[in-house]
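Undergrad: Predicted structure and sequence below. I'll ask about it afterward.
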Amino acid sequence: MQIHWTLKKFSELTPYEVYHVLQLRNEVFVVEQACVFQDADDKDQESSHLLGLRDEKLVAYTRIVPAGVIYNEASIGRVVTSPSVRGSGAGKLLMAQSIESLYSVCGIVPIKIGAQLYLRNFYQSFGFVQISETYLEDGIPHIHMLKNVAS
């Protein structure tokens with residue numbers, strides 16, 4: 001799978017890029033997962049944004065959040081792939097690129113995520129370990145996970 005990766009601060013995103021990011025996040029998180037939540041949470045402005053394009057179409061995305069914005073640790077959030085690339089390995093490429101991008105922006109630091117419970121094994125394959133009990137976020141079971149510097 002050939003994906004072109006771009007990492008930008010919020011202020012560097014074009015209006016079209018912001019539109020496509022919100023479109024993909026809404027397609028998956030709101031429509032596909034039938035979850036009504038406030039996606040525009042005032043964290044995007046302080047974050048960097050990893051965009052994965054295939055044939056000039058946004059197919060993968062994450063938000064790289066510095067320490068102190070959501071958690072004490074840096075974080076990767078809004079992890080999403082387009083249904084058009086599911087099963088192709090795009091999710092694994094996205095997560096590997098997200099970790100590398102976070103390290104380039106924030107340094108080699110621990111990474112904390114709020115993961116949907118069903119993705120626990122996926123994130124464990126990248127060195128994340130579960131550090132909380134299951135909790136509900138917007139009606140979906142989640143867990144906190146942490147990737148230490150050495151993992």
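TA: Now that the structure is in, tell me what you want to look at. This structure is a prediction, so every number in the text was calculated from the model and none was measured. Numbering: from 1, shown residues only.
Undergrad: what pairs with the helix or strand of the chain with the lowest mean pLDDT, and is each one parallel or antiparallel?
TA: Lowest on mean pLDDT, DSSP states H and E among the helices and strands of the chain sits strand 135-137, with a mean of 93. With DSSP bridges as the test, strand 135-137 is paired with strand 140-147 (antiparallel).
Undergrad: what mean pLDDT does the partner strand have?
TA: For strand 140-147, the mean pLDDT works out to 96.
Undergrad: tell me which residues in that strand are buried?
TA: H142, I143, H144, M145, L146, K147 (16 or more other Cβ atoms under 10 Å). C-beta: built from backbone N, CA, C; applies to glycine.
Undergrad: now swap in stretch 36-51 and tell me
TA: Those would be K43, D44, S47, S48, H49, L50, L51, for stretch 36-51 by 16+ other Cβ under 10 Å.
Undergrad: Quote the end-to-end distance of it.
TA: Counting by Cα to Cα, to the nearest Å, you get 23 Å between the two ends of stretch 36-51.
Undergrad: can you check stretch 107-121 too?
TA: End to end - Cα to Cα - stretch 107-121 spans 25 Å.
Undergrad: Let's test this: mean pLDDT of that stretch, rounded?
TA: Here the average pLDDT along stretch 107-121 is 97.
Undergrad: Pull the contacting residues for the residue nearest the centre of the chain.
TA: With distances taken as Cα atoms, centre = their mean, V79 lies nearest the centre of the chain, 2.7 Å away. Residues near V79 by Cβ atoms under 8 Å, 6 or more residues apart in numbering: Y61, T62, G91, L94, M95, S98, I113.
Undergrad: any low-confidence regions in this protein?
TA: The chain contains residues with pLDDT under 70 at 1, 151.
Undergrad: pull the longest helix from it.
TA: helix 90-106 (DSSP state H).
Undergrad: Return that helix as PDB; C-alpha atoms alone will do.
TA: Output in PDB follows, covering the C-alpha atoms of helix 90-106 (Å, rounded to 0.1, in the frame of the first residue of the first chain):
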ATOM      1  CA  ALA A  90      -3.000   0.900   6.200                       C
ATOM      2  CA  GLY A  91      -3.800   1.000  10.000                       C
ATOM      3  CA  LYS A  92      -0.500  -0.500  10.900                       C
ATOM      4  CA  LEU A  93       1.300   1.900   8.600                       C
ATOM      5  CA  LEU A  94      -0.600   4.800  10.100                       C
ATOM      6  CA  MET A  95       0.200   3.800  13.700                       C
ATOM      7  CA  ALA A  96       3.900   3.200  12.900                       C
ATOM      8  CA  GLN A  97       4.100   6.600  11.200                       C
ATOM      9  CA  SER A  98       2.200   8.300  14.000                       C
ATOM     10  CA  ILE A  99       4.700   7.000  16.600                       C
ATOM     11  CA  GLU A 100       7.600   8.200  14.500                       C
ATOM     12  CA  SER A 101       5.900  11.600  13.900                       C
ATOM     13  CA  LEU A 102       5.200  12.000  17.600                       C
ATOM     14  CA  TYR A 103       8.800  11.300  18.400                       C
ATOM     15  CA  SER A 104       9.900  13.900  15.800                       C
ATOM     16  CA  VAL A 105       7.600  16.600  17.200                       C
ATOM     17  CA  CYS A 106       7.700  15.800  21.000                       C
END
